[in-house]
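# What shape does this take:
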Amino acid sequence: MKISSTLLILVIIISLTACKVEPEPIVYGTDNCHVCKMTMMDKRFGAEIVTRKGKVYKFDDVNCMMQFLHSGEVVDRDIQYKLVVDYSQPGKLIPAGEAFYIKSSEVKSPMASQVAAFESNESHKEFKKQLNGIYLTWGELTTQFK
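So this is what the prediction gives:
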């Protein structure tokens, strides 16, 4: 009886640690966008949604992520992470709701959203001048791509 109790506890511990819900790094040149199916190439752009069950959806542009969010394929309450790539730190995923966004015709994003995301306000301000863009919040961004 003692062996079966120990075995049960061990199985529970292993199953709990194996189900860790985490973002995955985007593998540029290999990963494809979930929406447009294009191979992700530009490390300054990208986005990712991770569900509470651990399913990862990758996008080559914030435009594709917005299409996905508005599609109803996954409801908001089932999402653990919404992430975007920091334009100033290529390949680095950051929380989408906390990012600073610039929209500018100078931003040549993969699916023509013309939007770049930034982790810090300092880098956002620096690039805003260079790109001659306008600042967008996460809320403004989500409504702009409806």
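# Need the residues that contact the longest strand seen in the chain.
When the chain is parsed with DSSP state E, its longest strand is strand 79-85. The contact list for strand 79-85 (Cβ atoms under 8 Å, 6 or more residues apart in numbering) reads 21, 23, 26, 43-52, 54, 62, 65, 69, 91-97, 99, 117. To be clear about C-beta, it is placed using only N, CA and C from the backbone, and glycine gets the same treatment.
# From those residues, which land in helices?
The helices, defined by DSSP state H, take in 62, 65, 69 from the contacts of strand 79-85.
# Now neighbour count and pLDDT too, for those residues, in JSON lines please.
What follows is the ones in helices among the contacts of strand 79-85, written out as JSON lines (neighbours: other Cβ atoms under 10 Å; pLDDT from 0 to 100):
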{"residue": "Val62", "neighbour count": "30", "pLDDT": "96"}
{"residue": "Met65", "neighbour count": "29", "pLDDT": "97"}
{"residue": "Leu69", "neighbour count": "22", "pLDDT": "95"}
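# Out of those, flag the one nearest to Glu106.
Using Cβ to Cβ, Val62 is the member of the ones in helices among the contacts of strand 79-85 that sits closest to Glu106, with 15.7 Å.
# I'd like the distance from that closest one to Gly54, if you could.
22 Å (Cβ to Cβ, to the nearest Å).
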